[in-house]
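In: give me the fold of what follows.
(chains A and B)
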Amino acid sequence: MAPMSKQPVLTPQSEDFPRWYQDVIAKAELAENGPVRGTMTIRPWGYAIWERIQADLDSRIKETGHENAYFPLFIPMPFFEREADHVEGFSPELAVVTHGGGAELGEPVAVRPTSETVIGDCMSRWIQSHRDLPLLLNQWANVVRWELRPRLFLRTSEFLWQEGHTAHASREEAVEETLRMHRVYYDLMHDTLAMNPVLGRKTAAERFAGAELTYTLEGLMRDGKALQMGTSHYLGQNFARAFDITFSDTDGQLAHCHTTSWGVSTRVVGSLIMTHGDDRGLRLPPRVAPVQAVVIAIRDEVAADARELHAELEAAGVRSRLDDDTHTGFGRRATDWEIKGVPVRLELGPRDVEQAAVTVVRRDTGEKASHPRSGIGAAVVRLLDDVQASLLAETTARRDAETRDGDGPDAVLDGGADGFTRIAWSSLGEAGEATIAEAGYTVRCLVSPDGGVPGADTPDDGLVAYVARAY
RNA sequence: CGGGACGUGGCGCAGCUUGGUUAGCGCGCAGCGUUCGGGACGCUGAGGUCGCGGGUUCAAAUCCCGCCGUCCCGACCA
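Out: Reported below is the predicted structural model:
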């Protein structure tokens, strides 16, 4: 057998990365374009991945004391106009419904691009006293932002996400919440998705419309471009003033709340593809893989053994799938599961059965080995942990190798470099930020010199800018 | 909205310049058989208002006009 040596099914990454991305999405059956430009049909395999992310993040959100709720899709237009920066930021991508019930509406309604406003409106009624605080809410929803240049998962006019919205008595508490959720996102990405994003604070230019502070998680994709994978905002009292979210404090004084919002969307599926994928397809970290191990029965006569093996894996706690579709050639099936990114493949043929063994292939390295049939469950569990760890190690090493230091705008203008360039903010500034923008570079975030996340009161001066081209 | 391209079975394309039999090809799909340890092969078969509307003509996928849609490049974005 000639291992791993077939014609590429996908466009190689080095040849045309965007094309590779599209190929993987199509061939792994993750998603496709919807009939309306910018919309996305998420296919079962893609949705299963999202559901794993969702389940993981949902439990983290609940563990930190938040409750899920659901707010309306339609929002009165005037709501947006109450917060000046917010309207300005979102009006270009707002979808507005002008007709309903066969007639023109007296008041057009917006389709939510985000829910600060409708939720703010509720908060103003739900909060009366400091005893009602903090109010910790989250919703899972779809939102619509009319996009001019859509890309599956990365930028679609409609996408799925989770948006947390909280209200607090003090700035200190709200900031703490903002940073807490920023950290929760990091845990999700690092521990579950095997990604190692750079954590930092957005510059004024990149801040969320209506926020005082925006914290971000910036991943580095395999083509050297950065991707914002999640954000957490301290909204100050901006929305509290706009929506009259007030409470009586312990002294009986009426005060405005401090609010936060934070979100992670189906975009992370795109980042998963571009962080771990290789020329053979997707490589899913075991913890998000809908199927962690696939048992391929090579020939009909081993179908019963394969079924047993599959049951054994399930008993060991592995999300296993049996592929006994021997009608389709072995090679075809092996490649299909590879493209779909299943972390471990167990091939069972007559030779294996004869030797009371099973051929085990790990997706990340392509390594193929024969393993005794006994004790296979525990061995696969160990192997999955290994794959999880090595994907994280690989992407971390890649990020570090593609991060360099520079000084001033010229650091990127001269080099035209991929990856991150670390530049002291003091040598860049808002003028430098504008200059590099013309060459397609942006300050992804500001980080403390020691690599930590800058606190809310840490001034920009003295921080280090991570600069990159971004999606 | 500015610049460029393209709409032909599910997908990818050819045919159009020079109008003329039954609109082809690859992949995919269905049935049968041979295969099966890295995207197998053979045979048979299904599937098309040639984006839409109008015009020219004996005759339009092909020429003309209009419309619609899509994709790529620029200004915004989880």
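In: where's the residue in the stretch 301-450 of chain A positioned nearest to RNA strand B relative to A:Thr335, distance?
Out: Nearest residue of the stretch 301-450 of chain A to RNA strand B: A:Gly349, at 2.1 Å (CB to the nearest atom of the strand). For glycine as for every other residue, the C-beta is placed from the backbone atoms N, C-alpha and C. Using CB to CB, to the nearest Å, A:Gly349 is found at 16 Å from A:Thr335.
In: and for A:Arg363?
Out: In terms of CB to CB, A:Arg363 sits 12 Å off from A:Thr335.
In: the strands in the stretch 101-250 of chain A, which residues?
Out: For the stretch 101-250 of chain A, the strands defined by DSSP state E, counting those that start in this stretch occupy A:103-111, A:135-144, A:158-168, A:198-201, A:213-220, A:226-234, A:246-248.
In: repeat for the stretch 251-400 of chain A
Out: A:254-256, A:258-265, A:293-297, A:320-323, A:344-348, A:357-362, A:368-372.
In: count of neighbours near the residue lying closest to A:Thr365 once chain neighbours are set aside?
Out: Leaving aside its sequence neighbours, A:Thr365 sits nearest to A:Ser390 (CB to CB, 6 or more residues apart in numbering; 7.4 Å). The tally of other residues near A:Ser390 (other CB atoms under 10 Å) stands at 15.
In: sorry, back to before: which of A:Arg363 and A:Thr335 has more neighbours?
Out: A:Arg363 (26 against 16).
In: residues contacting that one?
Out: Going by CB atoms under 8 Å, 6 or more residues apart in numbering, A:Arg363 touches A:Arg283, A:Leu284, A:Glu338, A:Gly341, A:Val342, A:Pro343, A:Val344, A:Arg345, A:Val387.
In: from A:Arg43, how far out is it?
Out: Distance of A:Arg363 to A:Arg43, computed by CB to CB: 20 Å.
In: can you list the weak-confidence ranges in chain A?
Out: For chain A, the stretches with pLDDT under 70 are A:1-8, A:415-416.
In: leaving out the residues flanking it, which one is nearest to A:Ala306?
Out: A:Ala297 (3.6 Å).
In: who's in contact with A:His276?
Out: So, once contact is read as CB under 8 Å, 6+ apart, A:His276 ends up touching A:Ala194, A:Leu282, A:Arg283, A:Leu284, A:Pro285, A:Gly341, A:Leu391, A:Thr395.
In: buried sites along the host helix or strand of A:Trp20?
Out: Secondary structure assigned from DSSP states H and E places A:Trp20 in helix A:17-27. Neighbour counts over helix A:17-27 (16 or more other CB atoms under 10 Å) mark A:Phe17, A:Trp20, A:Tyr21, A:Gln22, A:Asp23, A:Val24, A:Ile25, A:Lys27 as buried.
In: show me what that helix is in contact with.
Out: Residues contacting helix A:17-27 (CB under 8 Å, 6+ apart): A:9-13, A:30-32, A:46, A:152-153, A:222-223, A:270, A:273-274, A:277, A:279, A:281-282, A:339.
In: ok, 6 Å please
Out: Here helix A:17-27 makes contact (CB atoms under 6 Å, 6 or more residues apart in numbering) with A:Leu10, A:Thr11, A:Gln13, A:Ala31, A:Leu152, A:Asp223, A:Ile273, A:Gly277, A:Gly281, A:Leu282, A:Ile339.
In: can you narrow those to ones near RNA strand B?
Out: Residues shared between those and the neighbourhood of RNA strand B are A:Leu10, A:Ile339 [CB under 7 Å from any atom of the strand].
In: if any of the contacts of helix A:17-27 are buried, give me the ChimeraX selection for them.
Out: Buried members of the contacts of helix A:17-27 can be picked out in ChimeraX with the line below, counting by 16+ other CB under 10 Å:
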select /A:10,11,13,31,152,223,273,277,281,282,339
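In: ok, of the contacts of helix A:17-27, which one's closest to RNA strand B?
Out: Nearest member of the contacts of helix A:17-27 to RNA strand B, counting by CB to the nearest atom of the strand, is A:Ile339, at 5.8 Å.
In: not counting sequence-adjacent ones, nearest residue to that closest one?
Out: Leaving aside its sequence neighbours, A:Ile339 is closest to A:Gly281 (3.4 Å, by CB to CB, 6+ apart).
In: need the contact list for that neighbour.
Out: Contact analysis of A:Gly281 by CB under 6 Å, 6+ apart lists A:Val24, A:Ala28, A:Glu338, A:Ile339.
In: tell me where chain A has helices.
Out: A:17-27, A:44-63, A:77-81, A:84-90, A:116-126, A:171-187, A:238-243, A:267-276, A:303-315, A:330-339, A:350-354, A:376-401, A:410-413, A:429-438 (DSSP state H).
In: and among these, the most buried is which?
Out: helix A:267-276 (a mean of 25; mean count of other CB atoms under 10 Å).
In: name the nearest residue to the residue nearest the centre of chain A, ignoring sequence neighbours.
Out: Nearest to the mean C-alpha position of chain A, by CA atoms, centre = their mean, lies A:Val268 at 2.1 Å. In space, and not counting its chain neighbours, A:Val268 is closest to A:Met229: 5.5 Å by CB to CB, 6+ apart.
In: number of nearby residues for the one you found?
Out: A:Met229, neighbours per other CB under 10 Å, totals 24.
In: before we move on, what about the one 4 residues further on?
Out: Using other CB under 10 Å, A:His233 has 27 neighbouring residues.
In: show me what it is bridged to.
Out: A:His233 has these beta-bridge partners by DSSP bridges: A:Thr214, A:Ser261.
In: show me the contacts for it.
Out: With CB under 6 Å, 6+ apart, A:His233 has these contacts: A:Phe208, A:Ala211, A:Thr214, A:Ser261.
In: show me which of these is closest to RNA strand B.
Out: Checking the contacts of A:His233 against RNA strand B with CB to the nearest atom of the strand, the nearest one is A:Phe208 at 5.9 Å.
In: so that closest one sits right up against A:Lys202, yeah?
Out: No - contact criterion CB atoms under 6 Å: A:Phe208 and A:Lys202 do not qualify, at 7.7 Å.
In: what residues do the two have in common as contacts?
Out: A:Thr214.
In: more neighbours: those two, which one.
Out: Neighbours were counted for A:Phe208 and for A:Lys202 using other CB under 10 Å; A:Phe208 has more, 24 against 21.
In: contacting residues for the closest residue in space to A:Leu272 that isn't next to it in sequence?
Out: Spatial nearest neighbour of A:Leu272, excluding adjacent residues (CB to CB, 6+ apart): A:Leu193 at 6.0 Å. Neighbour list for A:Leu193: A:Leu272, A:Pro285, A:Val288 [criterion: CB under 6 Å, 6+ apart].
In: any idea how far A:Leu193 is from A:Leu137?
Out: 24 Å.
In: same check, this time on A:Ile296
Out: 45 Å.
In: ok, A:Gly106 next?
Out: Separation of A:Gly106 from A:Leu137 (CB to CB): 30 Å.
In: try A:Tyr215
Out: 19 Å.
In: the two: who's more crowded?
Out: Taking neighbours as other CB under 10 Å, A:Tyr215 and A:Leu137 compare with A:Tyr215 leading, 27 against 23.
In: would you confirm that that one contacts A:His182?
Out: Yes - the pair A:Tyr215 / A:His182 is scored as a contact, 4.4 Å apart, by CB under 6 Å.
In: which residues touch the residue nearest to A:Val268?
Out: Counted by CB under 6 Å, 6+ apart, A:Met229 has contacts A:Pro197, A:Leu217, A:Gly219, A:Val268, A:Ser271.
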